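Trainee: From the sequence below, what's the structure:
(one chain, ligands or ions: 2)
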Amino acid sequence: MSHLIVVLDPISPQRLEQMHGLLPDGFALETVASRDPAEQMAAAKRADFLVTGDLPVDAAMMRAGAAARLKGVHKWGVGYDSIDIDTAREVGIRVMRTTGSNARAVAETAVTLMLSVQRSIVSGHEGMLRGEWLKGAVGPRTFLLTGKTVGLVGLGFIGKNVAKLLRGFDCRILYTKPTKLPADEEREFGVEHADLQTLLRESDVVSLHCALTPETRWMMGKEQFAAMKDGAILINTARGGIVVEEDLADAVESGKLRGAGVDVFATEPPPAGNRLIGLPNVVVTPHIAAQATDNFDATVSRMFENIRRVAAGEPVPEIDHLV
Ligand SMILES: NC(=O)c1ccc[n+]([C@@H]2O[C@H](COP(=O)([O-])OP(=O)(O)OC[C@H]3O[C@@H](n4cnc5c(N)ncnc54)[C@H](O)[C@@H]3O)[C@@H](O)[C@H]2O)c1
Ligand SMILES: O=C(O)[C@H](O)COP(=O)(O)O
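Mentor: Ligands and ions are numbered 1, 2, ... in the order given. Coordinates of the predicted model:
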């Protein structure tokens, strides 16, 4: 009997062909061509397994899927804030992810955004495209990353990779998370634990690397930006819902913060009029931090293996198992 895997996010024909090449025996693969909720719901009703990147799998889809033939939902990546895992548990649908699979890619993006803002790369580039030679104007707004204090909010797979990448920059690295790392791990990654207030007060660069949860939703707002160092920068490659975007725009516009690097938005794609897009020294990217063509085959193979295991009644490795 063939099991049907449906990928909710639209993907290119080339990627789909690559995925077909990695499909285990006894499985068929389809994608949904649009982000239309009715088509997403129809997919939940015909699939044995759903794969989702950023498209939500909500309670209604879980229930409709469970009433039909849905057995599992696999997050393509790590952050599962758009998957209703409470309902999945209630209706007996397995939820999985590929923990840590994109940590290096996201860490590289976070450091790239830090450098882009510190070194005024994008404002210089945009000036050149407009035919303007901004050497004199941009120069005074250009700083080193070397030697700065970087505060990491969250120090899991991604935060640890950021700490490793920053080694060559001789930064002081602070981190905050609910449980402190053992001392030998702090030494290994060259990081010092701090509470959020201390981290905000002392960091030149604050970079977010925690999940979006009820505790972290809107965690970075007016009060937190006011507590940051004058002229500091904020990097967000975690989730848009952690940051009050209007407050961040105010903090940059007022000059309190010197800039920001933002890969993720509260609503994606961000609606027209989002103030972060177009602010000088706010570098924005379309949620691409996790993307790395180099990782594609390995991530897809791991996802398919997890799904194959559920279909065969075998355990999924603890690290990828959510529900
Ligand atoms: N932009 C992207 O494409 C992209 C890609 C991958 C992951 N992400 C986001 O990054 C997040 C982190 O990924 P990861 O693989 O490092 O996950 P992880 O689970 O390994 O690490 C999360 C860290 O956040 C910490 N944390 C939890 N609550 C916290 C709080 N209230 N304050 C501070 N820290 C807290 C945890 O202790 C842990 O250290 C994901 O949940 C996802 O939302 C974004
Ligand atoms: O959580 C993740 O792994 C990343 O944000 C990638 O997920 P996406 O498919 O939502 O971009």
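Trainee: When you work out contacts or count neighbours from here on, use the C-alpha atoms and nothing else.
Mentor: Will do.
Trainee: Can you tell me the element Ala163 falls in?
Mentor: Per DSSP states H and E, Ala163 falls inside helix 157-165.
Trainee: orientation of the next helix or strand after that helix relative to helix 157-165 in degrees?
Mentor: Heading C-terminal from helix 157-165, the first helix or strand you meet, by DSSP H and E, is strand 172-176. If you take axes from the mean of the first three to the mean of the last three CA atoms, to 10 degrees, strand 172-176 sits at 170 degrees to helix 157-165.
Trainee: Run the chain-centre distance for strand 172-176.
Mentor: Put simply, strand 172-176 sits 20 Å off its chain's centre (CA atoms, centre = their mean, to the nearest Å).
Trainee: Which residue, neighbours along the chain excluded, lies closest to the residue nearest in space to the middle of the chain?
Mentor: Note on the chain: the residue nearest the mean C-alpha position is Ala238, at 4.1 Å, using CA atoms, centre = their mean. Using CA to CA, 6 or more residues apart in numbering and skipping the chain neighbours, the partner closest in space to Ala238 is His209 (5.3 Å).
Trainee: The one you found contacts Leu155, correct?
Mentor: Yes: at 6.6 Å, His209 counts as touching Leu155 under the criterion of CA atoms under 8 Å.
Trainee: hey, what's the closest residue to Val284 other than its chain neighbours bridged with?
Mentor: Once flanking residues are discounted, Val284 sits nearest to Val262: 4.9 Å by CA to CA, 6+ apart. Here Val262 sits in beta bridges with Asn236, Val284, going by DSSP bridges.
Trainee: dump the residue contacts of Val262.
Mentor: Applying CA atoms under 8 Å, 6 or more residues apart in numbering, we find Val262 in contact with Leu113, Ile235, Asn236, Thr237, Val282, Val283, Val284, Thr285.
Trainee: Give me the three-state assignment for Glu30.
Mentor: strand (DSSP: H, G, I helix; E, B strand; the rest coil).
Trainee: hmm, back to that, include neighbour count and distance to ligand 2 when you put the contacts of Val262 into a markdown table, please.
Mentor: Formatted as a markdown table, these follow (neighbours: other CA atoms under 10 Å; distance: CA to the nearest ligand atom, whole Å):
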| residue | neighbour count | distance to ligand 2 |
| --- | --- | --- |
| Leu113 | 28 | 16 |
| Ile235 | 26 | 15 |
| Asn236 | 23 | 11 |
| Thr237 | 25 | 8 |
| Val282 | 24 | 20 |
| Val283 | 23 | 18 |
| Val284 | 19 | 15 |
| Thr285 | 15 | 12 |
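Trainee: If we check ligand 1, which of these are in contact?
Mentor: Restricting the contacts of Val262 to those touching ligand 1 (CA under 6 Å from any ligand atom) yields Thr237.
Trainee: burial count for Asp320?
Mentor: 19 (other CA atoms under 10 Å).
Trainee: Per-residue pLDDT of it, please?
Mentor: In this prediction, Asp320 carries a pLDDT score of 98.
Trainee: What of Asp54?
Mentor: Value for Asp54, per-residue pLDDT: 89.
Trainee: I figured Gly255 was touching Gly231, is that so?
Mentor: Yes: with contact defined as CA under 8 Å, Gly255 and Gly231 form a contacting pair (7.1 Å).
Trainee: got the residues of the stretch 1-150 of the chain near ligand 1?
Mentor: So far as CA under 6 Å from any ligand atom goes, the stretch 1-150 of the chain lies against ligand 1 at Val78, Gly79, Gly100, Asn102, Ala103, Val106.
Trainee: So which of these is the closest to Asp36?
Mentor: Gly79 (21.8 Å; CA to CA).
Trainee: How about the contacts made by the residue nearest to that closest one when sequence neighbours are not counted?
Mentor: Once flanking residues are discounted, Gly79 sits nearest to Ala211: 6.4 Å by CA to CA, 6+ apart. Ala211 sits next to Gly79, Asp81, Ala238, Arg239 when contact means CA under 8 Å, 6+ apart.
Trainee: so what pLDDT did Ala211 get?
Mentor: On the pLDDT scale, Ala211 gets 98.
Trainee: Just want the phi and psi numbers for it.
Mentor: Main-chain dihedrals, Ala211, degrees, to the nearest 10: phi -80, psi 160.
Trainee: do you know how far it is from Met219?
Mentor: As judged by CA to CA, to the nearest Å, Ala211 and Met219 stand 11 Å apart.
Trainee: domain parsing for this protein?
Mentor: 3-101+292-320, 103-284 (automatic domain parsing).
Trainee: ok, which stretches of the stretch 1-150 of the chain are strands?
Mentor: Assigned by DSSP state E, counting those that start in this stretch, the strands in the stretch 1-150 of the chain fall at 3-7, 27-31, 49-52, 72-75, 94-96, 149-153.
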